[in-house]
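Engineer: sequence and computational prediction follow.
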Amino acid sequence: MRYSADITAGSLKIAESRIIADMLLREVGQEAWREAIIQQNVFQARNPATAIRIGRLVRMRLELMNAEFWRLVRDGSNIVTTHALLAAAVKHSPLLGDFLDIVVREQYRIFSKTLSKLLWENFLDGCRSRDPEMPLWNESTRRRLRSSVFHTLSQAGYLENTRSLRLQPVHISPQVVRYLQDHEEGYVLRCIQVSP
């Protein structure tokens, strides 16, 4: 199955990702991991279940990359960290990657000023042809998916904000581009370099 709804657990989670990248670099054990996320509540989550869900999502994304990447996330400027996390989110979620590659790229190409919610609906409907095993999501899941994806695009700078949905140019930081090139992450690089 190519597409899943994992991305509804959160957008880029920049502050939380810096914490997790540091824990991965320090090779924190399972006990210390639970202690930090649940007892110390390092994410300042409302409840332990939310903290666990955020921690699991961010860790799954970051573990797709290596220690060099984790240092970009932990130590990079805000823009470097944001672009690195976008790359990890795209690698983790082909739903996000394909939306960028197929839909957002086309909107830039035709000089569209905004990204409409209808484009998301049409994209989701078309996903079944690329992934016949894709789950049949109910309306609330489809809305949550759209919300997470559009929030991610806003955090990464492609959208001015989630209200106006106005498209903006984005130039991916050279450190992130270099990492992706060096590690042959062609799909991820193509998906995040959609802006002219």
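Structural biologist: Okay, I see it.
Engineer: hmm, residue 152 is touching residue 11, no?
Structural biologist: Yes - the pair residue 152 / residue 11 is scored as a contact, 4.4 Å apart, by CB atoms under 8 Å. (Each C-beta comes from the backbone N, C-alpha and C, glycine too.)
Engineer: the closest residue to residue 130 other than its chain neighbours: neighbour count?
Structural biologist: Take residue 130 and drop its neighbours on the chain: the residue closest to it by CB to CB, 6 or more residues apart in numbering is residue 2, 6.4 Å away. A count of nearby residues for residue 2, using other CB atoms under 10 Å, gives 14.
Engineer: contact partners of the helix or strand harbouring residue 140?
Structural biologist: Assigning secondary structure by DSSP states H and E places residue 140 in helix 139-155. By CB atoms under 8 Å, 6 or more residues apart in numbering, the list of residues contacting helix 139-155 from outside reads 5, 7-12, 14, 82, 86, 89, 95-96, 99-100, 104, 115, 117, 120-121, 124, 137, 159-162, 165.
Engineer: cutoff 6 Å now
Structural biologist: Applying CB atoms under 6 Å, 6 or more residues apart in numbering, the external contacts of helix 139-155 come out as 5, 7-8, 11-12, 96, 99, 120, 159, 161-162.
Engineer: what about the strands in this protein?
Structural biologist: Counting by DSSP state E, the chain has no strands to list.
Engineer: helices along that one, start to end?
Structural biologist: Along the chain, counting by DSSP state H, helices occupy 14-25, 30-34, 48-62, 67-75, 78-92, 94-98, 105-109, 117-130, 139-155, 174-182, 186-192.
Engineer: now render those helices as CSV, adding mean neighbour count and distance to residue 41.
Structural biologist: Below are the helices of the chain laid out as CSV (neighbours: other CB atoms under 10 Å; distance: least, CB to CB, whole Å):
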stretch, mean neighbour count, distance to residue 41
helix 14-25, 20, 11
helix 30-34, 12, 12
helix 48-62, 18, 6
helix 67-75, 19, 20
helix 78-92, 23, 21
helix 94-98, 21, 28
helix 105-109, 14, 40
helix 117-130, 14, 33
helix 139-155, 18, 23
helix 174-182, 17, 30
helix 186-192, 19, 32
